[in-house]
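Asks: Output the structure for:
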Amino acid sequence: MEQLNKKKSFKQNSGNLILAILFFISLSLAIWGTNIYRLTIIKPSYLYSVGAFGGLLFNLTLSFLLKTSYSKVWNILIKFCIGAGISYFGLLYLNQKFADKEVLTDKFKIIRTGTLARGKSGSCLQPFVIINFNGEEKQLVFYCNLENIIEIYSHVTLTYQKACLDLKL
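Replies: So this is what the prediction gives:
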């Protein structure tokens with residue numbers, strides 16, 4: 001009986017470790033995906049749908065493959081986050097990689113400007129502009145040294161490529 005409990009405990013501990021590793025990989029991919037998203041004009045509804053579908057799919061798959069000692073709620077939440085993060089990144093990465101070779105350039109009116117919050121390191125406030133890109137509002141983030149210059153302009157010239165789903169900057 002003790003042998004059986006040790007075996008069960010080992011499976012649960014290894015399942016916990018695998019889930020933790022997958023969670024941090026998924027978190028890293030989601031952060032990378034956010035950086036890709038800043039360069040992509042894609043409808044958020046695509047990302048929500050793919051994230052939800054991926055979260056459900058991974059939840060079901062990992063439930064059969066891994067046994068953990070987490071509570072049922074934590075188990076479901078962690079597995080859903082892993083699937084959503086990986087799916088979110090996958091959609092954005094594939095959309096970026098399979099973009100058309102043709103490069104287009106257009107001029108867009110700036111709707112509003114602003115700055116992103118300052119980080120813990122005390123770095124500059126990153127300026128951004130919001131444009132109307134064919135019916136979709138898109139935030140374009142610029143380097144810190146352009147902080148005071150952005151407010152002067154009323155238009156921005158954008159170079160972009162058509163991607164699988166929408167457009168890539």
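Asks: And the strands in this structure?
Replies: Listed from the start of the chain, the chain has strands (DSSP state E) covering 40-41, 103-115, 127-133, 136-141, 155-162, 167-168.
Asks: I'd like the ones you listed as a markdown table, with mean pLDDT appended.
Replies: Compiled in a markdown table, these are given as follows (pLDDT from 0 to 100):
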| stretch | mean pLDDT |
| --- | --- |
| strand 40-41 | 81 |
| strand 103-115 | 86 |
| strand 127-133 | 86 |
| strand 136-141 | 84 |
| strand 155-162 | 84 |
| strand 167-168 | 46 |
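Asks: Save those strands as a markdown table, and put in distance to residue 92 too.
Replies: C-betas here are computed from N, CA, C, even on glycine. Rendered in a markdown table, the data for the strands of the chain read as follows (distance: least, C-beta to C-beta, whole Å):
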| stretch | distance to residue 92 |
| --- | --- |
| strand 40-41 | 6 |
| strand 103-115 | 20 |
| strand 127-133 | 17 |
| strand 136-141 | 14 |
| strand 155-162 | 14 |
| strand 167-168 | 10 |
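Asks: Skipping adjacent residues, who's closest to residue 143 in space?
Replies: residue 126 (7.4 Å; C-beta to C-beta, 6 or more residues apart in numbering).
Asks: The one you found: neighbour count?
Replies: 17 (other C-beta atoms under 10 Å).
Asks: For it, which residues are in contact?
Replies: Counting by C-beta atoms under 8 Å, 6 or more residues apart in numbering, residue 126 touches 115, 116, 141, 142, 143, 144, 147.
Asks: confidence score at the fifth one?
Replies: According to the prediction, residue 143 has pLDDT 72.
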